[in-house]
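# only geometry, no sequence info:
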């Protein structure tokens, strides 16, 4: 009789493992996730630390959980949908629990594949055009603040503002 309890307990453990695995699959179906995000979600569901470690390790082995790949995908997505500078991207990836080495690699990937200056210039031009009705100095200040919030570096913003004022002077 004790044997049945043992095997029953093993069966119960298998069901819990399967449920945890299915929870992770559901999370990954909606969008890629970092290891930290998956751990947090499993913890919220009440799974034990040992089960969480085991589940995450299995997903890492299969390649379904890869923080470096996640960081690159996150940067690509942001650059296509809602472009941001390195400052914001670094902060977002840190919040997702990504290691500094993976963040640096993702930002290096961004630098190689996207022209940050051209992207920032197009965003700034669009914003500046929307603010044409305002006093020029006020419009430039708002563009500056907007670009800063977007995470672009000070030097990049200053250069772009210089180009915007050059464009504006040519329009007159």
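It's in. What you see is a predicted model, and the numbers here were worked out from it, not measured in a lab. Numbering: from 1, shown residues only.
# buried ones in the helix of greatest length in the chain, by neighbour count?
With secondary structure taken from DSSP state H, the chain has its longest helix at helix 2-30. Neighbour counts over helix 2-30 (16 or more other Cβ atoms under 10 Å) mark 20, 23-24 as buried. Backbone N, C-alpha and C define where each C-beta goes, glycine included.
# next, the residue nearest to residue 154 when sequence neighbours are not counted: secondary structure please.
Spatial nearest neighbour of residue 154, excluding adjacent residues (Cβ to Cβ, 6 or more residues apart in numbering): residue 148 at 7.8 Å. When classified by DSSP: H, G, I helix; E, B strand; the rest coil, residue 148 comes out as helix.
# report the contact partners of the spatially most central residue of the chain.
Centroid check for the chain by Cα atoms, centre = their mean gives residue 74 as the closest residue, at 4.1 Å. Applying Cβ atoms under 8 Å, 6 or more residues apart in numbering to residue 74 gives the contacts 32, 89, 92-93, 96, 106.
# tell me which element it falls in.
Element membership of residue 74 [criterion: DSSP states H and E] is helix 67-81.
# right, and the helix or strand after that helix?
helix 86-95.
# run through the neighbouring helices and strands of that following helix.
Packing partners of helix 86-95 (3 or more Cβ pairs under 8 Å, 6 or more residues apart in numbering; DSSP states H and E): helix 67-81, helix 100-113.
# doesn't residue 88 make contact with residue 110?
No: contact between residue 110 and residue 88 fails when scored by Cβ atoms under 8 Å: they sit 11.6 Å apart.
# what about these two, which has more around it?
residue 110 (21 against 17; other Cβ atoms under 10 Å).
# just the pLDDT for that one.
What the model reports as pLDDT for residue 110 is 93.
# can you pull the contacts of the nearest residue to it once chain neighbours are set aside?
Among residues not flanking residue 110 along the chain, residue 75 sits closest, at 4.9 Å (Cβ to Cβ, 6+ apart). Neighbour list for residue 75: 89, 93, 106-107, 109-110 [criterion: Cβ under 8 Å, 6+ apart].
# buried members of those residues into PyMOL, please.
This is how PyMOL selects the buried members of the contacts of residue 75, with burial counted by 16+ other Cβ under 10 Å:
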select buried, resi 89+93+106+107+110
